[in-house]
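Novice: A predicted structure for the sequence below; I have some questions about it.
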Amino acid sequence: MKNIISIICLLMLSVGHLKAEIELPDLGSPSDVYLSKLDEPAIGRAYFRNMRQQGQVVEDPLLNEYLQDLGSKLSSKVQDGDFVFNYFFVPQNSINAFAMPGGYIGIHTGLCVAADNESQLASVLAHEISHVTQRHISRQIGDQVPSSIQGGLILLGAILIGAMSGNSDVVEAGAMVAPSIMSQNQIDFTRDMEVEADAIGIKTLGLAGYDPYAMSDFFEKLSTGSDPRNAQSTEFLRTHPTSVNRSAAAKKQAR
């Protein structure tokens with residue numbers, strides 16, 4: 001099996017050369033290739049409409065006005081009107097938040113309760129706003145397409161070699177290697193996006209007059225288990241992976 005995996009690695013190198021030789025024309029920002037700024041609001045509206053139909057949006061005018069005002073105070077510091085932001089609460093006790101295409105940002109009510117103060121809530125909003133302004137969803141789509149092609153070509157090559165040699169181990173090895181390539185690319189890119197959203201979000205907090213240390217304080221609170229509802233923190237930490245190094249970096253950025 002080790003020899004077979006070595007063959008698959010050679011396939012990886014050949015695919016890399018193939019990718020280098022195929023130069024696509026410059027179409028502007030990479031994030032525009034697969035999802036343009038004109039597409040994003042329509043997609044976000046569709047998701048939001050579906051959530052409302054399923055009762056997954058809090059319909060309280062006072063709460064919505066508060067969140068919209070808080071979000072607008074932050075977003076006005078980091079963008080020049082390219083995005084129209086819509087903030088809403090999701091009636092879930094879990095601690096989570098998310099950004100959808102086109103500036104739709106959802107905050108679980110459980111996260112609002114878990115925050116010690118408005119600055120901590122604002123830090124999460126600032127982080128999600130950064131995902132939108134940096135167009136991370138579109139960039140992630142663009143990043144996954146090449147890795148999917150690479151993984152698919154490796155798997156296809158393994159199948160062809162296996163068919164010619166009659167060795168099923170080759171196909172098995174290809175099936176092991178190809179998904180790992182796509183998965184690792186996605187993990188690395190997500191980590192980069194989180195770091196970028198942290199840095200811009202912390203700067204946004206300061207510009208809007210909030211405590212720039214609030215983000216690291218909130219992440220640290222959840223990751224260390226100091227929150228009494230720590231079991232419900234798991235969902236947030238799964239989608240927003242944190243670490244000692246990340247908390248330290250956030251504190252350094254806030255100085």
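Specialist: Received it, and whenever you're ready, just let me know what you need.
Novice: secondary structure element for the residue lying closest to residue 190 once chain neighbours are set aside, which one?
Specialist: If the residues on either side of it in the chain are set aside, residue 190 comes closest to residue 140, at 7.1 Å by C-beta to C-beta, 6 or more residues apart in numbering. Bear in mind the C-beta positions are built from the backbone N, C-alpha and C, glycine included. With elements taken from DSSP states H and E, the one containing residue 140 is helix 136-165.
Novice: residue 108 touches residue 114, doesn't it?
Specialist: No: counting by C-beta atoms under 8 Å, residue 108 stays clear of residue 114, with 9.2 Å between them.
Novice: what do these two both touch?
Specialist: Shared contacts of residue 108 and residue 114 (C-beta atoms under 8 Å, 6 or more residues apart in numbering): residue 95.
Novice: which stretches of the stretch 51-200 of the chain have low pLDDT?
Specialist: Residue ranges of the stretch 51-200 of the chain with pLDDT under 70: 79-81, 141-189.
Novice: kindly recompute the last result at 80.
Specialist: Flagging of the stretch 51-200 of the chain using pLDDT under 80 yields the residue ranges 79-82, 136-192.
Novice: helices along that one, start to end?
Specialist: Using DSSP state H, counting those that start in this stretch, the helices found in the stretch 51-200 of the chain span residues 61-75, 109-114, 118-133, 136-165, 168-207.
Novice: C-terminal to the last one, what's the next element?
Specialist: Read it as helix 168-207. For helix 168-207, the succeeding helix or strand toward the C-terminus, using DSSP H and E, is helix 214-223.
Novice: what's that following helix packed up against?
Specialist: Helix 214-223 is packed against helix 118-133, helix 168-207, helix 234-239, helix 244-254, with contacts defined by 3 or more C-beta pairs under 8 Å, 6 or more residues apart in numbering; DSSP states H and E.
Novice: in stretch 62-74, what's buried?
Specialist: With burial defined by 16 or more other C-beta atoms under 10 Å, the residues of stretch 62-74 counted as buried are 64, 66-67, 70-71, 73-74.
Novice: cool, and stretch 197-217?
Specialist: Within stretch 197-217, the residues scored as buried using 16+ other C-beta under 10 Å are 197-198, 200-205, 208, 210-217.
Novice: next: stretch 104-122.
Specialist: Taking 16+ other C-beta under 10 Å as the neighbour-count basis, stretch 104-122 is seen to contain the buried residues 104-112, 114-115, 119-122.
Novice: swap in stretch 36-51?
Specialist: Under the neighbour-count rule (16+ other C-beta under 10 Å), stretch 36-51 has 40-41, 44, 48, 51 buried.
Novice: for those residues, which one is nearest residue 86?
Specialist: Within the buried residues of stretch 36-51, distances to residue 86 taken as C-beta to C-beta reach their minimum at residue 48, with 6.9 Å.
Novice: who's in contact with that closest one?
Specialist: Contacts were defined as C-beta under 8 Å, 6+ apart; by that measure residue 48 touches 57, 86, 88, 100, 104.
Novice: quick check: closest non-adjacent residue to the fourth one.
Specialist: Nearest non-adjacent residue to residue 100, counting by C-beta to C-beta, 6+ apart: residue 44, 4.7 Å away.
Novice: quick check, the one you found in a helix?
Specialist: Yes: the assignment for residue 44 is a helix, going by DSSP: H, G, I helix; E, B strand; the rest coil.
Novice: that one and residue 99 touch, don't they?
Specialist: No: shown here, residue 44 and residue 99 do not form a contact pair, counting by C-beta under 8 Å, at 9.1 Å.
Novice: quick check: residue 222 touching residue 95?
Specialist: Yes: with contact defined as C-beta under 8 Å, residue 222 reaches residue 95; the gap is 6.9 Å.
Novice: more neighbours: which of the two?
Specialist: In terms of neighbours (other C-beta atoms under 10 Å), residue 95 is the more surrounded of residue 222 and residue 95; the figures are 28 against 21.
Novice: hang on, that one packs against residue 107?
Specialist: No: the pair residue 95 and residue 107 fails to qualify as a contact (C-beta under 8 Å) at a distance of 9.9 Å.
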